[in-house]
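Peer 1: here is my input; please provide its structure:
(one chain, ligands or ions: 1)
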Amino acid sequence: MTSEGANGTGGVVYLVGCGPGDRGLVTERAVELVASADAILYDRLVPRSLLALAPPQCELVYVGKLPGRPTLPQEEINAELVARGRAGQRVVRLKGGDPFVFGRGGEEAEALAAAGVPFEVVPGVTAGIAAPAYAGIPVTHRAEASAVAFVTAHEDPRKGESALDWRALARFPGTLVFYMGVSRLAAVSERLRAEGRSPDEPCAVVADGTRATQRTVTGTLATIAERVVAAGLQPPAVLVVGAVCALRDRLAWAERRPLHGAVVVVTRARPQQSALARRLRALGAEVVEAPAIRIRPLPTPPELATIERFGLVCLTSPNGARLLVDGLLAQGRDARALARTQIAAIGPGTAAALAERGLRADIVAERFVAEGLVEALSDVEVADRDVLIARAAEARDTLVEALAARGARVTVAPLYETVHEPLPDYARDDLERATYITFTASSTVRSFLAGGGTVPQGARVVSIGPITTAALREAGIAVDVEASRHDIDGLVEALVADARARRAVA
Ligand code: SAH
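Peer 2: This is a model prediction of the structure:
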């Protein structure tokens, strides 16, 4: 039996860990639950791109710390979870790391159990393992450490009664990992030495672990505190004490990736977002998805019913390609309707979307702009032929005009429109950390601005090509980097080259 319906209302509360920050460390179960939640109560350290997956009608409730405002008392969070569960909601309580590791998930589960509200727990990757791992420090090692202890040191160890047995910790035969405020560091290292831990023991502090902004400082129990202050590390951070820290010299990997340190805003229509975001993340960047526009499919255009009469069909975006085939399928037909039609695609992305649906483009433009497609079609006889251009409702007429001028009978079939979306609140604080912002189409520039988006201070502006650059300039935005190949690969290449050049200067 599942827990659903056990209280007669169908309400379930899920205590979900979502890892230490890297979006890739969120479990599949967490994604699935977020995507079907009625309400999400979330903390400060949860990846914002995860929240972007919540259904449109889902309530997003921030219950974490805010500057100048006291944290919501735990009892109030417990009461809120119980009330919503009783009201029949599917509630996701999202927490950084693992919900049962210093996350007060235990208390929330107790409150739910006492109230008879069904709940489930979804473990997450805890910061005490993940941050060291991304810094090149294995918390256990066959030769160096056969045990590991996770310790919370948010309280001041010099203050009165400590919940911790410091003497036992100092003697612990293995790695110590402290979850702690950076300001506690001096007191913790002092206390461990006072209780007999060697001042020469290797130590590391990993701040902002697993994120692009991760920074690591190493030293010994005697030197770590002052080094961390000198480096200006900010929370959240973990302190690792143990011989395993010395392995970092050889094993550090995350901080060496080409886009480590880059926080990149991706402004795209949602359905196309993931490819660029995935590429950037694989290179070590942190991606902030700011969905500026959304694709809204239009009713299937009547031209699709007689698509056989067109000698040439032009597709100007991956969305157009998908919606064209989906439109045929919706009419009870399939790709065979295009058996005798030539197909032209504006670029490799569009060709790939066609291939996904079982169609091969006869002509693929090399330059990812309407002019590129016009060029690619220059050898194709179009005079007196019926040509269908399947595309967005609002688009430039370059292609239509160029083909009409060559004597083609051109019909435009609008398959979708792009709708402006204001930036969600949760995206705003991440935007402030951005070091790059990318634009992949002139329409995205306009809707990003229309949705209230502004270029974050200090972020470098990256454009996919000249038309997008012109749209940015028109809006008074200076472009720092323009891709020389006008597709996703070209944009990523340009961004990596810029990041490398800037690192070399720094
Ligand atoms: N439940 C969380 C821990 C919550 S307590 C987990 O399992 O990870 C919060 C503490 O976790 C912070 O003070 C810090 O010590 C640590 N922490 C959380 N995220 C971190 C990160 N990305 N890098 C380093 N430490 C982190």
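
Peer 1: for this structure, list the residues in contact with the ligand, please.
Peer 2: Residues of the chain found near the ligand (CB under 6 Å from any ligand atom) are 20-21, 45, 95-98, 101-103, 126-127, 131, 179-180, 206, 208-210, 235-238. C-beta here means a position set from N, CA and C on the backbone, and glycine is covered the same way.

Peer 1: same thing but 5 Å
Peer 2: 20-21, 96-98, 101-103, 126-127, 131, 179, 209, 236, 238 (CB under 5 Å from any ligand atom).

Peer 1: from these, pick the one nearest the ligand.
Peer 2: Nearest to the ligand among the residues of the chain next to the ligand, counting by CB to the nearest ligand atom, is G97 at 1.9 Å.

Peer 1: can you count the residues close to that closest one?
Peer 2: 30 (other CB atoms under 10 Å).

Peer 1: any chance of the backbone angles for it?
Peer 2: Dihedral pair for G97: phi 60, psi -130, per degrees, to the nearest 10.

Peer 1: so where's the stretch 201-350 of the chain shaky on pLDDT?
Peer 2: Where the stretch 201-350 of the chain drops to pLDDT under 70, the residues are 269-274, 291-293.

Peer 1: could you pull out the strands for it?
Peer 2: Per DSSP state E, counting those that start in this stretch, the stretch 201-350 of the chain carries strands over the ranges 202-207, 215-220, 237-241, 263-267, 286-289, 293-297, 312-315, 342-345.

Peer 1: which residue does the stretch 351-500 of the chain bring closest to the ligand?
Peer 2: Taking CB to the nearest ligand atom, the ligand has its nearest neighbour within the stretch 351-500 of the chain at R433, 13.5 Å off.

Peer 1: tell me which residues touch that residue, please.
Peer 2: T213, V263, V288, P456 (CB atoms under 8 Å, 6 or more residues apart in numbering).

Peer 1: if I look at it, how far off is G284?
Peer 2: According to CB to CB, to the nearest Å, R433 stands 15 Å off from G284.

Peer 1: residue ranges of the helices in the stretch 201-350 of the chain, please?
Peer 2: 224-231, 248-251, 270-282, 318-330, 348-356 (DSSP state H, counting those that start in this stretch).

Peer 1: most neighbours among the contacts of R433, which one?
Peer 2: V288 (27 neighbours).

Peer 1: in which helix or strand does the closest residue to A475 other than its chain neighbours reside?
Peer 2: Nearest non-adjacent residue to A475, counting by CB to CB, 6 or more residues apart in numbering: L449, 5.7 Å away. Assessed by DSSP states H and E, L449 sits inside helix 442-450.

Peer 1: so which of the residues of the chain next to the ligand would you say is closest to I40?
Peer 2: Of all the residues of the chain next to the ligand, G96 has the smallest distance to I40: 13.7 Å, by CB to CB.

Peer 1: tell me if I'm right that R357 and L323 touch.
Peer 2: No - the criterion here is CB atoms under 8 Å, and R357 misses it with L323 at 10.1 Å.

Peer 1: and those two? which has more neighbours close in?
Peer 2: L323 (27 against 15).

Peer 1: contacts only, for the nearest residue to the more buried one once chain neighbours are set aside.
Peer 2: Spatial nearest neighbour of L323, excluding adjacent residues (CB to CB, 6+ apart): L415 at 4.1 Å. By CB under 8 Å, 6+ apart, the contact list for L415 reads P297, L298, P301, N319, G320, L323, L324, G327, A390, R391, A392.

Peer 1: now, of those residues, which are buried?
Peer 2: Buried members of the contacts of L415, counted by 16 or more other CB atoms under 10 Å: P301, N319, G320, L323, L324, G327, A390, R391, A392.

Peer 1: buried residues in stretch 319-339, which are they?
Peer 2: Residues 319-325, 327-328, 333, 335, 337-338 are the ones in stretch 319-339 that count as buried (16+ other CB under 10 Å).

Peer 1: stretch 249-261 now?
Peer 2: Neighbour-count burial for stretch 249-261, counted by 16+ other CB under 10 Å, picks out A254, E255, P258, L259, H260, G261.

Peer 1: let me have those residues in JSON lines, extended by distance to R503.
Peer 2: Converted to JSON lines, these look like this (distance: CB to CB, whole Å):
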{"residue": "A254", "distance to R503": "15"}
{"residue": "E255", "distance to R503": "11"}
{"residue": "P258", "distance to R503": "9"}
{"residue": "L259", "distance to R503": "10"}
{"residue": "H260", "distance to R503": "9"}
{"residue": "G261", "distance to R503": "8"}
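
Peer 1: closest to L41 out of the residues you listed?
Peer 2: Distances from L41 to these, taken as CB to CB, are shortest for A254 (30.0 Å).

Peer 1: would you confirm that the closest one contacts R211?
Peer 2: No - judged on CB under 8 Å, A254 makes no contact with R211 at a distance of 9.5 Å.

Peer 1: CA atoms only: put the helix or strand E401 falls within into CSV for me.
Peer 2: Element membership for E401 (DSSP H and E) is helix 398-405. Coordinates of each C-alpha in helix 398-405 appear next as CSV, following Å, rounded to 0.1, in the frame of the first residue of the first chain:
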residue,chain,number,x,y,z
THR,A,398,13.3,37.8,-44.7
LEU,A,399,12.8,34.2,-45.9
VAL,A,400,9.3,34.8,-47.1
GLU,A,401,10.3,37.9,-49.1
ALA,A,402,13.4,36.3,-50.6
LEU,A,403,11.6,33.2,-51.8
ALA,A,404,8.6,35.3,-53.1
ALA,A,405,11.1,37.5,-55.0
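
Peer 1: fine, thanks again, bye for now.
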